[in-house]
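*Asks:* A predicted structure for the sequence below; I have some questions about it.
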Amino acid sequence: MTIPENTSDNELIKNRFKTLVNTQKELKIDFTAQNPSVFIFDMISMGMSNDMEWAISESDPSFTTLVRLGTSIFGKRP
């Protein structure tokens, strides 16, 4: 799971998501090589309401991507 910095720098946010996706891919390859009968690392959690577009665009089809959308659904906290 990753939550990028609270910034308006979209490139920084995209790079954080790319880093998580790449790390997840490496872990999946390494773990599966050592434990071929076990399959995990098929889900990734990144992004929230304010950066969901970047989380979706940087996601990878080999993973299920969870995006936390509380503010989009329930509105801002009082």
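*Replies:* That came through, no problem.

*Asks:* list the beta-bridge partners for the spatially most central residue of the chain.
*Replies:* Nearest to the mean C-alpha position of the chain, counting by C-alpha atoms, centre = their mean, stands residue 46 at 3.0 Å. Counting by DSSP bridges, residue 46 is bridged to residue 2.

*Asks:* check what pLDDT it gets.
*Replies:* Looking at residue 46, its pLDDT is 93.

*Asks:* thought it was touching residue 1?
*Replies:* Yes. Using C-beta atoms under 8 Å, residue 46 is in contact with residue 1, at 6.8 Å. Every C-beta, even on glycine, is put in place using the N, C-alpha and C of the backbone.

*Asks:* need the overlap of contacts for these two.
*Replies:* The overlap between the contact sets of residue 46 and residue 1 (C-beta atoms under 8 Å, 6 or more residues apart in numbering) is empty.

*Asks:* shaky segments in the protein?
*Replies:* 39 (pLDDT under 70).

*Asks:* that one: strands as residue ranges?
*Replies:* 43-48, 64-68 (DSSP state E).

*Asks:* of these, flag the one that's most buried.
*Replies:* Looking across the strands of the chain with neighbours counted as mean count of other C-beta atoms under 10 Å, the highest average goes to strand 43-48: a mean of 20.

*Asks:* need the longest helix for this structure.
*Replies:* Longest helix of the chain, by residue count under DSSP state H: helix 10-34.

*Asks:* which other residues reach that helix?
*Replies:* Contacts of helix 10-34 (C-beta under 8 Å, 6+ apart): 2, 4-5, 7, 38-42, 44, 46-47, 51, 54-55, 57-60, 62-63.
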